[in-house]
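S.K.: Quick one: sequence and predicted model below, then my questions.
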Amino acid sequence: MKNQPYLDLSPEVKNALQHGQPVVALESTIISHGMPFPDNVETALRVERAVRESGAVPATIAIIGGRLKAGLSEAEIEHLGRAGQEVVKTSRRDIPFILAKNSTGATTVAATMIIAEMAGIRIFATGGIGGVHRGAAETMDISADLPELARTSVAVVCAGAKSILDIGLTLEYLETHGVPVIGFQTDEFPAFYTRRSSFGVNYRLDTPEDIAKVLKIKWEAGLQGGVVIANPIPEAHEPMLAPIQRATEMALAEALRLGIRGKETTPFLLSKIKELTGGESLRANIELVLNNARLAAKIAVAMSFQQSSIVIRKS
């Protein structure tokens with residue numbers, strides 16, 4: 001890892017990276033903007049526990065007091081949760097401004113990928129990636145997550161793209177920019193709350209070890225850029241499709257009527273869908289994030305084992 005003057009690693013994360021132990025990056029906008037307090041803090045801590053129970057070290061990422069942080073304390077997580085949307089939702093363009101002001105920012109998928117790569121963390125678990133918003137032909141509203149996936153060498157385990165997006169165009173964008181989309185034990189790209197979208201993945205892989213092998217080869221071959229690992233929500237926690245679709249359409253119409261756009265769109269829509277589904281979408285969101293954290297940890301463990309095996313053979 002190169003010297004990074006603005007980056008702080010928690011002692012746990014620093015020790016794990018120095019000793020080649022598996023580490024999983026976790027984003028922080030899910031804490032500040034994705035869920036209400038105290039669900040957000042409880043979920044963040046549950047996700048960290050899920051990573052540990054699956055054999056890896058969690059590194060929740062944020063900007064705290066003008067410092068890039070990989071690995072937050074429980075107090076820092078609670079601070080983000082209580083502050084909620086008062087915290088700046090931080091993507092690539094925002095990072096230098098948050099640092100210059102010695103301010104605090106919750107990191108999106110894009111910003112989390114950047115800081116994870118700085119720290120030397122290759123695996124990142126989130127809920128769902130951003131993408132091409134519906135109506136983007138007129139608005140040009142495309143999430144910064146997508147170009148980040150094309151340039152930053154971090155694998156993102158997610159439940160597909162958020163159902164509020166144009167999933168077909170999101171996949172087209174990823175294909176154009178050479179970002180592989182792997183389906184974990186599925187041939188179909190999941191749509192966040194639901195296991196199916198009617199769109200296929202590029203490749204299906206059925207074990208964390210197979211995924212780890214592909215990631216290792218990709219980056220060793222000098223093929224920079226990220227990978228999307230699509231992990232469907234567990235069937236037992238999948239909400240009924242029709243109510244979710246109905247709530248999504250109603251939320252999109254409301255956002256259009258109110259003129260909500262840009263980075264405020266996703267938090268508004270997720271909150272509105274939660275309201276319209278009586279909390280069912282929030283329950284599904286929590287379960288899919290936990291599911292992604294467990295898979296990410298297993299992939300990180302497999303990558304760590306592969307690396308240690310190489311070292312043993314060379315010695």
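M.R.: Yep, it's here. Numbers count the residues shown, from 1 in each chain.

S.K.: Can you list the residue ranges for strands in the stretch 151-300 of the chain?
M.R.: Taking DSSP state E, counting those that start in this stretch, the strands of the stretch 151-300 of the chain run over residues 155-158, 181-184, 203-205, 227-230.

S.K.: just how off-centre is the second one within its chain?
M.R.: Taking Cα atoms, centre = their mean, to the nearest Å, one finds strand 181-184 lying 15 Å from the centre of the chain it belongs to.

S.K.: Run through who's touching it.
M.R.: Residues outside strand 181-184 that contact it (Cβ atoms under 8 Å, 6 or more residues apart in numbering): 157, 171, 174-175, 189, 200-206, 211, 214, 227-232, 295. C-beta coordinates here come from the backbone N, C-alpha and C atoms, glycine included.

S.K.: Turn the buried ones among those into a named ChimeraX selection, would you?
M.R.: Burial among the contacts of strand 181-184 is assessed by 16 or more other Cβ atoms under 10 Å; the matching ChimeraX selection reads:
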select :157,171,174,189,201,202,205,211,214,227,228,229,230,231,232,295
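
S.K.: Residue ranges in the stretch 101-250 of the chain under the pLDDT threshold?
M.R.: Scanning the stretch 101-250 of the chain for pLDDT under 70 picks out the ranges 240-242.

S.K.: right, and residue 300 touches residue 52 too?
M.R.: No. Counting by Cβ atoms under 8 Å, residue 300 does not reach residue 52; the two are 11.6 Å apart.

S.K.: These two - which one has more neighbours?
M.R.: Neighbour count, other Cβ atoms under 10 Å: between residue 300 and residue 52, residue 300 has more, with 31 against 15.

S.K.: Check that one and give its pLDDT.
M.R.: pLDDT, residue 300: 98.

S.K.: Setting aside sequence neighbours, what's the nearest residue to it?
M.R.: residue 22 (3.5 Å; Cβ to Cβ, 6 or more residues apart in numbering).

S.K.: same check, this time on residue 165
M.R.: Nearest to residue 165 is residue 131, by Cβ to Cβ, 6+ apart, at 4.2 Å.

S.K.: Repeat that for residue 238.
M.R.: residue 195 (5.6 Å).

S.K.: what number of residues lie near the nearest residue to residue 291 once chain neighbours are set aside?
M.R.: Among residues not flanking residue 291 along the chain, residue 234 sits closest, at 5.5 Å (Cβ to Cβ, 6+ apart). The tally of other residues near residue 234 (other Cβ under 10 Å) stands at 14.

S.K.: Then the one 4 residues further on?
M.R.: For residue 238, the number of neighbouring residues by other Cβ under 10 Å comes to 18.

S.K.: Okay then, goodbye and thanks.
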